[in-house]
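> sequence plus the predicted model coming up.
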Amino acid sequence: MNSNRIENYLKIRSLLDTEGIGIIKLLRLAETFGSISDVYNSNYDQLKSIDQLNHDLATKVSNTIKDFSESKYKYEAELETLINLGGQAITYWDDDYPQPLKNIFYPPIILYVLGNYKFEDEQSISIVGTRKNTDYGKLVTNRFSSELAKQNITIISGMARGIDSVAHKAAIKASGRTIAVIGSGLDVIYPPENKMLFNEIIENGAIISEFPLGTKPDAQNFPKRNRIIAGLSLGTLVIETRENGGAMQTAKFAIDQNKEVFAIPGNITSEQSNGTNILIQRNGAKLVFEPDDILNELKLKLKPIVGNNIPKPKLNLSLFEEKTYEALEVFPKQIDKIALDSALSISDTLVNLLTLEFQGVVQQLPGKLFKKI
């Protein structure tokens, strides 16, 4: 990490530790001032003028800025420990931040990484399921994970017991790439029996966490982890899960993010298949029998998209419509994120999107998602 990147990371960590500042408010701060460095050049009056910051919050951020030179040392020590582990920190504003995560609502601001996340990892499928898998679930997971990995599809999962671990191991055995998104710090291996698998994943992909070093695998961390699993991949395959299992949560995130959801049908008397059968029956998950079913469904998405070579349509747009259009991408994007990136209110953004839709250059998708055509 160069000195500018390190300084930026330290400032972001300091802001995120400020009470009342979360992902959305931090993104708004950076958008308003232009960069994290510019946030640190601001004063109380400028901070107070932001809609989402009241007097108390503006005061807290102002104090964080004033105290930065003294408080940053603990974050420097944390970063040094991370580097000594062989890890790195990637922030939302770094060039190597995973592009798929920029298109979800509530993107993680910092990713802690062991191993390497590569551009080709955008061609990926999440495979998730119950910790208490059946022999059938293990058999199916091995088959799908290994065959997809052989097609240069990166397998993403959560390194939990059961289906997750089977998926990672099968991808590695097939000489493929795999990524584990975990619900603890990179120095806390959970479950502990997966220490060998943890190291194998680093050699064949990456371990990714949103949580700082030392974070324990508390229950509230896993829903956050699941949104990243869904967000990193083109689609999510649910192998086996109970009706209220964590894999159902990952599938819901995928649906909300306008990603494909695939499910393996199971025995109607098996508790482990309740969730997958419900996903197929009620939530529109695509029933799959073969890995080719997934590849065929994602055929168009798996082709490289050379966005920079696509000429922009000649449009007669107002200044605000232009700002809205520039905030859009070829991938679906949440209305909240479009408004944030265009520095406009949600209501104004909706009006502009409607105009753009009438002109045939924007498509609206379920879940208040929009994309360029």
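Arrived safely, thanks for sending.
> surely I65 and S42 touch.
Yes. At 7.2 Å, I65 counts as touching S42 under the criterion of CB atoms under 8 Å. No exception for glycine: its C-beta is placed from N, CA and C like everyone else's.
> now the strands for the stretch 251-373 of the chain?
Ranges of strands in the stretch 251-373 of the chain, per DSSP state E, counting those that start in this stretch, are 260-263, 286-287, 333-334, 362-365, 369-372.
> and those, which is most packed in?
When you average the neighbours per residue for each of these (mean count of other CB atoms under 10 Å), strand 260-263 leads with a mean of 24.
> export the strands of the stretch 251-373 of the chain to a markdown table and tack on distance to A171 and mean pLDDT?
Listed next are these as a markdown table, based on distance: least, CB to CB, whole Å; pLDDT from 0 to 100:
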| stretch | distance to A171 | mean pLDDT |
| --- | --- | --- |
| strand 260-263 | 16 | 95 |
| strand 286-287 | 21 | 94 |
| strand 333-334 | 29 | 85 |
| strand 362-365 | 30 | 83 |
| strand 369-372 | 29 | 84 |
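> any chance of JSON lines for these, columns distance to S209?
Below are the strands of the stretch 251-373 of the chain laid out as JSON lines (distance: least, CB to CB, whole Å):
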{"stretch": "strand 260-263", "distance to S209": "24"}
{"stretch": "strand 286-287", "distance to S209": "30"}
{"stretch": "strand 333-334", "distance to S209": "23"}
{"stretch": "strand 362-365", "distance to S209": "30"}
{"stretch": "strand 369-372", "distance to S209": "27"}
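> quick check: which of these is nearest to E78?
Closest to E78 of the strands of the stretch 251-373 of the chain is strand 333-334 (CB to CB; 30.8 Å).
> give me the helices and strands touching that closest one, please.
Here strand 333-334 is seen to pack against strand 369-372 when contacts are counted using 3 or more CB pairs under 8 Å, 6 or more residues apart in numbering; DSSP states H and E.
> parallel or antiparallel, list what pairs with the strand it packs on.
Paired with strand 369-372 in the same sheet, following DSSP bridges, are strand 333-334 (antiparallel), strand 362-365 (antiparallel).
> hmm, who's touching the shortest one?
I take that to be strand 333-334. Residues outside strand 333-334 that contact it (CB atoms under 8 Å, 6 or more residues apart in numbering): N103, I104, F105, A327, G367, K368, L369, F370, K371.
> ok, now stretch 19-38?
By CB under 8 Å, 6+ apart, the surrounding residues in contact with stretch 19-38 are 7-8, 11-12, 15-16, 39, 41-42, 46, 50, 52-53, 56-57, 60-61, 92-93, 106-109, 336, 340-341, 343.
> hmm, A170 is touching V140, no?
No. Between A170 and V140 there is no contact under CB under 8 Å: 10.4 Å.
> dump the residue contacts of T134.
Contacts were defined as CB under 8 Å, 6+ apart; by that measure T134 touches E240, S270, Q272.
> which residues sit in contact with the last one?
Same thing as Q272. If you count contacts by CB under 8 Å, 6+ apart, Q272 has them with T130, K132, N133, T134, G137, E240, T241, R242, G266.
> let me see the confidence value for H55.
pLDDT for H55: 91.
> what is the burial count for the closest residue to it other than its chain neighbours?
Nearest non-adjacent residue to H55, counting by CB to CB, 6 or more residues apart in numbering: K48, 6.6 Å away. The number of residues packed near K48 is 15, by other CB atoms under 10 Å.
> where's K48 relative to T59, distance?
9 Å (CB to CB, to the nearest Å).
> for Q364, same thing?
To T59, Q364 is 40 Å away according to CB to CB.
> can you report how many residues neighbour I239?
I239 has 32 nearby residues by other CB under 10 Å.
> tell me the contacts of the closest residue to it other than its chain neighbours?
Nearest residue to I239, sequence neighbours excluded (CB to CB, 6+ apart): G129, at 3.8 Å. By CB under 8 Å, 6+ apart, the contact list for G129 reads G137, T141, G162, I163, D164, A167, V238, I239, E240, T241, G245, A247.
> between the residues you listed, which is closest to M196?
Relative to M196, the closest of the contacts of G129 is D164; by CB to CB it sits at 14.9 Å.
> quick check, the closest one in a helix?
Yes. Counting by DSSP: H, G, I helix; E, B strand; the rest coil, D164 falls inside a helix.
> and stretch 359-366, how far out from the chain's middle?
Mean-position distance between stretch 359-366 and its chain equals 24 Å (CA atoms, centre = their mean, to the nearest Å).
> could you tell me the end-to-end distance of that stretch?
Length of stretch 359-366, first residue to last, CA to CA, to the nearest Å: 19 Å.
> roughly how far does I155 sit from I239?
12 Å.
> mutual contacts of the two, please.
I127, A167.
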